[in-house]
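Visitor: Dropping the sequence and predicted coords here.
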Amino acid sequence: MNFSKYKKSIIACVLALGIGVGGGYYFFGNPVTHQTTVKEQTKQTKPITDTRNTYVVQAAKESGPAVVGITTQVFQKDIFNRTIYAGEGVGSGVLIDNDGHIVTNNHVVAGAKNGEVTVSLSNGSTVTGTVIGTDAQTDLAVVKIDPPKDIQPIKIGDSDSLQVGEPAIAIGNPLGLEFKGSVTSGVISALARTIDDQGQRFPLIQTDAAINPGNSGGALINADGELIGINSSKISKEGVEGMGFAIPINSAMTVVDSIIKNGKVVRPYIGVWAVDRQTAARNNVSYEGEGLLIVQLDANGPAAQAGLVEGDTIAQVAGKDISTLLELKEQIDAKRPGDTVLVSYTHNGKMKSTQLKLGQASSN
């Protein structure tokens, strides 16, 4: 098969790594000088009844204090290449430990001047936070603050145990800090969702709990008040409602732990750019195979060193059938740099297998 005719368009597609998600809320121009006041009832006139004291109330009380606001000053270059203040970006974050580590979305803190952001705590105080690492591929980032005396980190749940239909509660700052700590509830609508088959790093949780601009980086919790996901995006199309997405916490914590330890994400690397049948069809490439068609290799990468060439089709990795890029990423990301993995592939119509030693790539 002749790939030169199609390589540019295909590679442009498959190189677009990272979850291209929105959800941050931006104020452009001069800083906003007025603020909407939200009155909170602090005086309870009578004991709350069991009917009113629902799982949502209890979960929000348990986890709400761990959800923070994150404000990032945005600077841009003018036509004279001067750096000028353009406005502020506002998103959410989740305090995950007693050391002051906060998980948020990469796009919430992207472009932070000197790696600093302003963190608004649930007690009303604001502190300076330092971005210690980001990962555009998963849209995750970690911010560090000096832990306050009354620190209340969230409890980490298990996203692998989620069931479709169970309650889901989103906490964040929709439309800015005026509405900080907003709570919305719904259910887990679906698991293992794909919204970007080329750049997405792992399957997402779908929920109908309302997730609006500013909720990015906030918490998705279960009925026990445990963190099960980091809210990351919402489909914002006319006529489409009730479709929010969150990064599963089990997947997110692998990235977060690497950032905390290394200041970046260290992940295994095989050095191939490949397409599945659907992607090939969109680029007018004739391909009817079941695996992933290799359209380019890193000449010095692990796959090339193991003998794979352009036009080969990856059929299995570590004994698991591979038909999408997401499946390939899941299998590779489950390993560590330096590990050896068995890869089965088709070459000139014949099935072959090889042991491939994984290389290393990082987010920085």
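Guide: Done, it's in. Predicted, not measured: the structure shown is a model, and the values here were computed from it.

Visitor: Show residues contacting the strand or helix carrying N250.
Guide: Element membership for N250, per DSSP states H and E: helix 249-262. Helix 249-262 is contacted by residues 96, 101, 103, 132-135, 138, 140-142, 156-160, 201-202, 227-230, 264-267, 333, 362-363 when judged by Cβ atoms under 8 Å, 6 or more residues apart in numbering. Quick note: C-beta positions are derived from backbone N, CA and C, even for glycine.

Visitor: redo that, cut-off 7 Å
Guide: For helix 249-262, the external contacting residues (Cβ atoms under 7 Å, 6 or more residues apart in numbering) are 101, 103, 132-133, 135, 138, 140, 142, 156-160, 202, 227-230, 265-266.

Visitor: need the next SSE after it, C-terminal direction.
Guide: Going down the chain from helix 249-262, the next helix or strand is strand 266-269, by DSSP H and E.

Visitor: quick one, what contacts V265?
Guide: V265 neighbours (Cβ under 7 Å, 6+ apart): D135, V255, S258, I259, S362, S363.

Visitor: hang on, the earlier thing: what are the buried residues along the helix holding N250?
Guide: I249, N250, S251, A252, M253, T254, V255, V256, S258, I259, I260 (16 or more other Cβ atoms under 10 Å).

Visitor: Tell me which two in the contacts of V265 are the farthest apart.
Guide: Using Cβ to Cβ, these span at most 11.7 Å, a distance reached by V255 and S362.

Visitor: In helices only, show me the contacts of helix 249-262.
Guide: Of these, none are assigned to helices by DSSP state H.

Visitor: could you show me where the helices are in the stretch 151-300 of the chain, in order?
Guide: Applying DSSP state H, counting those that start in this stretch to the stretch 151-300 of the chain gives helices spanning 249-262, 277-282.

Visitor: and the ones you listed, which one is worst for confidence?
Guide: Here the lowest mean pLDDT among the helices of the stretch 151-300 of the chain goes to helix 277-282, at a mean of 75.

Visitor: who does L95 bridge with?
Guide: Following DSSP bridges, L95 is listed with bridge partners I102.

Visitor: begin at 49 from here
Guide: With 49 as the first residue, the last one maps to L143.

Visitor: I figured it was touching I204, is that so?
Guide: No - using Cβ atoms under 7 Å, L143 is not in contact with I204; the gap is 11.4 Å.

Visitor: For the two, indicate the residue with more neighbours.
Guide: Comparing L143 with I204 by other Cβ atoms under 10 Å, the one with more neighbours is L143, at 28 against 16.

Visitor: Using TSV, please lay out the helices of the stretch 199-348 of the chain together with distance to V156.
Guide: Formatted as TSV, these follow (distance: least, Cβ to Cβ, whole Å):
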stretch	distance to V156
helix 297-310	14
helix 325-330	29
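
Visitor: what's near enough to touch the closest residue in space to K109 that isn't next to it in sequence?
Guide: In this structure, K109 finds its nearest non-sequential neighbour in G273, 7.8 Å apart by Cβ to Cβ, 6 or more residues apart in numbering. Applying Cβ under 7 Å, 6+ apart, we find G273 in contact with Q106, A107, E110, S111, K203.

Visitor: Report pLDDT for G273.
Guide: G273 carries a pLDDT value of 94.

Visitor: right, and E164 touches V175 too?
Guide: No - applying Cβ under 7 Å as the test, E164 and V175 come out as separate, 10.7 Å apart.

Visitor: so where is the stretch 299-412 of the chain shaky, pLDDT-wise?
Guide: By pLDDT under 70, the low-scoring segments of the stretch 299-412 of the chain are 336, 411-412.

Visitor: Where do the strands of it begin and end?
Guide: 314-317, 320-323, 340-345, 361-365, 368-369, 388-395, 398-405, 407-410 (DSSP state E, counting those that start in this stretch).

Visitor: Quick check: which of the ones you listed is buried the most?
Guide: Burial of the strands of the stretch 299-412 of the chain is given as mean neighbour count (mean count of other Cβ atoms under 10 Å); strand 320-323 ranks first at a mean of 24.

Visitor: In the sheet, which strands lie alongside it, parallel or antiparallel?
Guide: Sheet partners assigned to strand 320-323 using DSSP bridges are listed as strand 340-345 (antiparallel).
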